[in-house]
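Visitor: need coordinates for the following:
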Amino acid sequence: MSQAPPDLSQQFADFFPDPMLGAWAKCLMERIIDGHICVPYSELGNVESPHQAALGLEGNVESPHQAALGLEGNVWKWVAVGDESRNKPFVLYNNMLYMQRYFLYETEIVDRIRARVDRTRLNWNERAGALRALRDEGYAPAVDSRPAEEGRVLLPDWQTAAVVRALCSDFGIITGGPGTGKTTTLVRLLEGVHRLYPQARVALAAPTGKASMRMLESIRQQSACLSIDLQQWLGGLKPFTLHRLLGYVPHSIYFKHHRDRHLPFDWVVVDEASMVDVPMFAKLLEACAPETRLLLLGDKDQLASVESGSLLGDLCASAGGLNRFSHNERELINLFVTHPERAIGPEAETDEWSTLGQCITELRYSHRFNDESGVGKLARSVLGGQAELAVDLLHNPSYAQALRWYPNLASNDWNVVLADIVEAYRSYVEEDDVERALQRFKEYRVLTPVREGQYGLYLLNLKIEEAVRQRFSARVGQRELFYRNRPIMVTRNDYALGLFNGDIGLVRSDPAHNGQLRVWFEGHEEGNALRSFHPSAIHACETAFAMTIHKSQGSEFDRVLVVLPEREENKLLTRELIYTGITRARNQVAVWGPESVLKTGVGRSIQRISGLADRLK
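Guide: Model prediction:
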């Protein structure tokens, strides 16, 4: 059972001498817990205090001189107006109130990104010349330069644009939805890095161990068409979690690598960047030497990080429009576009730049969802906030094979849904070969936004577990903790075993160990197809018939069931949540939840307040 959130009122009242400051602190902490970085000063207007009128900050509060605006009594000891002081717990900047720590995180990000953009501009001509020379040697970053199928609109070769732009940049972002080719683009980029800088030290990182290993596995798969030398180099790259890359220090907010002890890498590539929070990104930038090139990959439209901020979304929003190019940049990119009809056109040129205008490329063509795909159409309608269209698509019999909808959270619908779930899991339960069973378990997944409640993760797993056990009693063990055919998800990194948060395993007997039960996982290394461990070695795991939508980020399944929250008021219910759940599916999506909840979710977008986008514009 979850604990009620702590009542912060008395804690802050005891600490701060002024009631206004105690109320500010309480409000800020509650917002930070909800993922915000700061609070608009206007939202604090209902706080009664004799000092409040003296603040009188109706316009922008950028000037340090405005600190003299009547912060009388004890208040001035606690609030910095603008950024003239780093020794006060509150900072009031651009009409936003911050806790000092979060203001400094945001400032760190803004300053270090600007420095990298300035360095890019200084080195652009030299890097462009090196790329032209590499082109003369046969380097072609185009991944899919073929003309589109007949009747389909030809899109510019955004993948080539992303590679060329990133090879010229000290800081870059490649964003795009599922199936747009982010990993394929990354492989061609890494080929360019290796050819331009043969001795370059490259780190591959992601917020979770599972995501970092998945990135490396995808890179190895995509590199099969490249030279043996390049395949060996790519295969030798080491994946990191961000915590491990920076050097995690137990029970501390600090890391072993920081501004005075930089990371020993020339390039750092971070996948699944939508899951990176603001504090972590500030520390990553601080740990990267000024000459280290940094690249982020991710879907800007996915769920934001569990922790504070919506970093990737804010960075992309700060650019204004995406895929805009200077004249020289467009000419350089088009040198590498092998199909003339997919060149970047003059309409994409611009002379107006934000800080990040020349750092971000969006991949816009999905190879997973074509224009007529039911899953793709539903995802686009949700992302566009088109609730009525989403409902129409789910009702449309033309998409009955790709889209299913169970609109009633009632016993009759549940019986139908549960029967479908059990049938979907039949393929792995009845597969005797462990390796193939692990593959088949990845064909289907139940996704829910919450852990608790009648349709939360815990109860769903219990209900599915009992139904699967009843249906396949001869193949599924009884109620011991590690029973035969139990699917589990690792919930904590274990570097000694090489198991990472999000890894999926199956409990099966092992003939090589006298038929005892072992937990089997796919191997991370080539030539190591399976690994197995005694159940006692697995210290943190949970049943995985159902998983949270947050945990599913970066995963793909043939089919998914997306369970909506019970109530429209659930603050997790947003279009980003529904979009992320839907786009985990390759072929079929089933949605279980009332029409009113679906429409509310599609109509509501994640709102995480920060000053990052405005400060980078």
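Visitor: buried ones in stretch 532-539?
Guide: 532-533, 535, 538 (16 or more other CB atoms under 10 Å). All C-beta atoms are positioned from the backbone trio N, CA, C, and that covers glycine.
Visitor: which one among the residues you listed gets closest to residue 102?
Guide: residue 538 (36.4 Å; CB to CB).
Visitor: hmm, that closest one is touching residue 488, no?
Guide: Yes - Residue 538 lies in contact with residue 488 (CB atoms under 8 Å); the separation is 7.1 Å.
Visitor: spit out the residues that contact the two alike.
Guide: 482, 505, 519 (CB atoms under 8 Å, 6 or more residues apart in numbering).
Visitor: highest neighbour count among the residues you listed?
Guide: residue 505 (25 neighbours; other CB atoms under 10 Å).
Visitor: work out for me the element residue 362 sits within.
Guide: Per DSSP states H and E: residue 362 is located in strand 360-363.
Visitor: partner strands of that strand, parallel or antiparallel?
Guide: Paired with strand 360-363 in the same sheet, following DSSP bridges, are strand 171-176 (parallel).
Visitor: for the next helix or strand after the partner strand, which residues meet the burial criterion?
Guide: Where DSSP H and E defines the elements, the next helix or strand beyond strand 171-176 is helix 182-196. Buried residues in helix 182-196, counted by 16+ other CB under 10 Å: 182-195.
Visitor: I'd like the residues you listed written out as CSV, with distance to residue 514 and pLDDT added.
Guide: Below are the buried residues of helix 182-196 laid out as CSV (distance: CB to CB, whole Å; pLDDT from 0 to 100):
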residue, distance to residue 514, pLDDT
182, 45, 92
183, 41, 90
184, 45, 90
185, 49, 93
186, 45, 94
187, 44, 93
188, 49, 92
189, 49, 95
190, 45, 95
191, 48, 93
192, 52, 94
193, 50, 95
194, 48, 95
195, 53, 93
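Visitor: could you work out the most separated pair of these?
Guide: 182 and 195 (20.7 Å).
Visitor: neighbours of residue 545, how many?
Guide: 24.
Visitor: what's the answer for the one 10 residues further on, then?
Guide: The local packing of residue 555 (other CB under 10 Å) involves 17 other residues.
Visitor: so it makes contact with residue 584?
Guide: Yes - with contact defined as CB under 8 Å, residue 555 counts as touching residue 584 (5.8 Å).
Visitor: shared neighbours, those two?
Guide: Joint contacts of residue 555 and residue 584 (CB under 8 Å, 6+ apart) are residue 445.
Visitor: between the buried residues of stretch 532-539, which is closest to residue 260?
Guide: When the buried residues of stretch 532-539 are compared against residue 260 (criterion: CB to CB), the nearest one is residue 538, at 38.4 Å.
Visitor: show me which parts of stretch 459-468 are buried, residue by residue.
Guide: Those buried within stretch 459-468 under the rule 16+ other CB under 10 Å are 460-461, 463-465, 467-468.
Visitor: output these as CSV; include the columns distance to residue 449, secondary structure and pLDDT.
Guide: As requested, the buried residues of stretch 459-468 are exported to CSV (distance: CB to CB, whole Å; DSSP: H, G, I helix; E, B strand; the rest coil; pLDDT from 0 to 100):
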residue, distance to residue 449, secondary structure, pLDDT
460, 11, helix, 95
461, 15, helix, 96
463, 17, helix, 94
464, 17, helix, 96
465, 20, helix, 95
467, 22, helix, 95
468, 23, helix, 95
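Visitor: check those and tell me the two furthest apart.
Guide: Taking CB to CB, no two of the buried residues of stretch 459-468 sit farther apart than 460 and 468, at 12.1 Å.
Visitor: any common contacting residues for those two?
Guide: residue 545.
Visitor: what's in contact with stretch 554-561?
Guide: 178, 206, 210-211, 214, 271-272, 417, 420-421, 424, 442-447, 552, 581-582, 584-592.
Visitor: now that stretch, how far from the chain's geometric center?
Guide: Put simply, stretch 554-561 sits 16 Å off its chain's centre (CA atoms, centre = their mean, to the nearest Å).
Visitor: ok, now stretch 221-235?
Guide: 26 Å.
Visitor: do stretch 488-498 as well
Guide: 20 Å.
Visitor: how about stretch 266-283?
Guide: Here stretch 266-283 is found 10 Å from its chain centre; the criterion is CA atoms, centre = their mean.
Visitor: mind picking the one among the buried residues of helix 182-196 that's closest to residue 394?
Guide: Taking the buried residues of helix 182-196 together and measuring to residue 394 by CB to CB, the closest member is residue 182, at 28.1 Å.
Visitor: now the closest one: how far from residue 488?
Guide: Relative to residue 488, residue 182 is positioned 29 Å away (CB to CB, to the nearest Å).
Visitor: same check, this time on residue 319
Guide: Remark: distance between residue 319 and residue 488 (CB to CB) = 41 Å.
Visitor: hmm, residue 416 is touching residue 407, no?
Guide: No - in this structure, residue 416 is not within contact of residue 407 by CB under 8 Å, at 11.6 Å.
Visitor: which one of the two has more residues nearby?
Guide: residue 407 (18 against 14).
Visitor: tell me the contacts of the more buried one?
Guide: So residue 407 contacts 413, 593-595 (CB under 8 Å, 6+ apart).
Visitor: top of these by number of neighbours, please.
Guide: When neighbours are counted by other CB under 10 Å, residue 593 leads the contacts of residue 407 with 22 neighbours.
Visitor: contacts for the strand holding residue 362, please.
Guide: 158-159, 161-162, 165-166, 172-177, 180-182, 185, 300, 315-316, 319, 322-323.
Visitor: where along the stretch 151-300 of the chain do the strands fall?
Guide: Under the criterion DSSP state E, counting those that start in this stretch, the stretch 151-300 of the chain contains strands at 171-176, 202-206, 239-241, 267-270, 293-298.
Visitor: in its sheet, what does the second one sit against?
Guide: Right, strand 202-206. Paired strands of strand 202-206, defined by DSSP bridges, are strand 239-241 (parallel), strand 267-270 (parallel).
Visitor: ok so, going back, buried subset of the contacts of stretch 554-561?
Guide: Applying 16+ other CB under 10 Å to the contacts of stretch 554-561 flags 178, 206, 210-211, 214, 271-272, 417, 420-421, 424, 444-447, 552, 581-582, 584-592 as buried.
Visitor: among those, which are in strands?
Guide: Of the positions in the buried ones among the contacts of stretch 554-561, 206, 444-447, 585-592 sit in strands, assigned by DSSP state E.
Visitor: dump those residues to TSV, plus pLDDT and distance to residue 354.
Guide: Listed next are these as TSV, based on pLDDT from 0 to 100; distance: CB to CB, whole Å:
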residue	pLDDT	distance to residue 354
206	93	27
444	96	43
445	97	39
446	97	41
447	97	35
585	94	35
586	92	35
587	93	39
588	94	40
589	96	36
590	95	41
591	94	37
592	91	42
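Visitor: could you list the low-pLDDT ranges of the stretch 451-600 of the chain?
Guide: 524-528 (pLDDT under 70).
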